[in-house]
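>>> Sequence plus predicted model, see below.
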Amino acid sequence: MIRLCPSILNANFDELPSEIAKIARVSDLLHLDVMDNKFVPSFTFSFERAREIIESSQLPVDAHLMITNADKEALPYLETKAASITVHFEACEDPLTLLTEIRKRGKRAAIAIKPGTGIDEIRELLPALDMILVMTVEPGFGGQKFMSEMMPKVEAARKWLDEGGFGDTWLQVDGGVNLETIATARRAGADTFVAGSVVFNSPDPEGVIETLRHLAASVK
Ligand code: DX5
Ligand code: ZN
């Protein structure tokens, strides 16, 4: 199954309900990039603002928390309606405890790794994971170039999931996914795709999402 998760990082933050409405019909989840100006140089939303977006979204929300001290700072998100919560491996002291807690609240529990983090670092967390996010750009900004050199990590994760019987665990890529790169990520084994600037910089966001889905599905 292929899932498309538009990121609103490049949407107009002052018009979010209408921006989200543009993509809701054809998207699987809404990818919400929370940046704290510590883990990454940018700042997007306070928890209060993120909660408003999550609670009012017509789509289930995939919250990508690029925040330091996630063991503590991610906890308020467990009280929201977010369908999936992703924390960064690099930002957790005790990822296993946090992931277990996320799952206990009935949410999908996910871990993200930055380009400099090896995939083997998260292997022992597999039984606690509902999704692995392999970042294909350095987190912090939309509109960067897709790092195809991350594909060996996606391939390794795909192999673990298939061979380990983790059929319900999703494999996501985030950063630089567009009409040229989505097939590369799909071929490596990703099934869940974040796309930001390619969607919201287009006059036809729905059409772009449908084309991305078609391109991913066409990979044999
Ligand atoms: C980067 C964010 C991404 C980003 C994707 O730190 O996590 O979700 O918004 O945007 P594009 O698709 O423009 O790379
Ligand atoms: Zn993201």
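Yep, it's here. Ligands and ions are numbered 1, 2, ... in the order given.

>>> what's the neighbour count on Asn201?
13 (other CB atoms under 10 Å). For glycine as for every other residue, the C-beta is placed from the backbone atoms N, C-alpha and C.

>>> Surely it touches Asn10?
Yes - under the criterion of CB atoms under 8 Å, Asn201 makes contact with Asn10 at 6.2 Å.

>>> And the residue of this protein that's closest to ligand 1?
Evaluated by CB to the nearest ligand atom, the chain has Gly196 as its residue closest to ligand 1, separated by 2.6 Å.

>>> Nearest residue to that residue in space, ignoring adjacent ones along the chain?
In space, Gly196 comes closest to Ser7 once its chain neighbours are excluded; the distance is 3.6 Å by CB to CB, 6 or more residues apart in numbering.

>>> if we look at the sheet, which residues does that neighbour bridge to?
With DSSP bridges applied, Ser7 shows beta-bridge pairing to His31.

>>> Surely it and Phe141 touch.
No - in this structure, Ser7 is not within contact of Phe141 by CB under 8 Å, at 11.2 Å.

>>> what's Gln172 sitting at in phi/psi?
Backbone geometry at Gln172, expressed as degrees, to the nearest 10, gives phi -110, psi 150.

>>> So for Lys220, what's the pLDDT?
At Lys220, the predicted lDDT confidence score is 87.

>>> quick one: it from ligand 2, how far?
For Lys220, the distance to ligand 2 equals 28 Å [CB to the ion, to the nearest Å].

>>> What parts of the protein come near ligand 2?
With CB under 5 Å from the ion as the criterion, the chain meets ligand 2 at residues 33, 64, 174.

>>> what number of residues lie near the last one?
Going back to what we said before, that points to Asp174. With other CB under 10 Å as criterion, Asp174 counts 26.

>>> Could you grab the helix/strand/coil label for the residue nearest to it when sequence neighbours are not counted?
Leaving out its chain neighbours, the residue that sits closest to Asp174 by CB to CB, 6+ apart is Val194, at 3.8 Å. Following DSSP: H, G, I helix; E, B strand; the rest coil, the label given to Val194 is strand.

>>> Wait, Val194 touches Ser7, no?
Yes - using CB under 8 Å, Val194 is in contact with Ser7, at 5.2 Å.

>>> what about the two, which has more around it?
Val194 (27 against 23).

>>> Wait, a strand at Gly167?
No - counting by three-state DSSP, Gly167 is not part of a strand but coil.

>>> and the least confident helix or strand in the chain by mean pLDDT, C-alpha only, in CSV?
Every helix and strand in the chain was compared by mean pLDDT, DSSP states H and E; the lowest is helix 16-23, with a mean of 94. C-alpha atoms of helix 16-23 as CSV (Å, rounded to 0.1, in the frame of the first residue of the first chain):
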residue,chain,number,x,y,z
LEU,A,16,-4.2,26.5,6.9
PRO,A,17,-7.9,25.3,6.9
SER,A,18,-8.2,26.2,3.2
GLU,A,19,-4.7,24.9,2.4
ILE,A,20,-5.5,21.6,4.0
ALA,A,21,-8.9,21.4,2.2
LYS,A,22,-7.0,21.6,-1.1
ILE,A,23,-5.3,18.2,-0.5
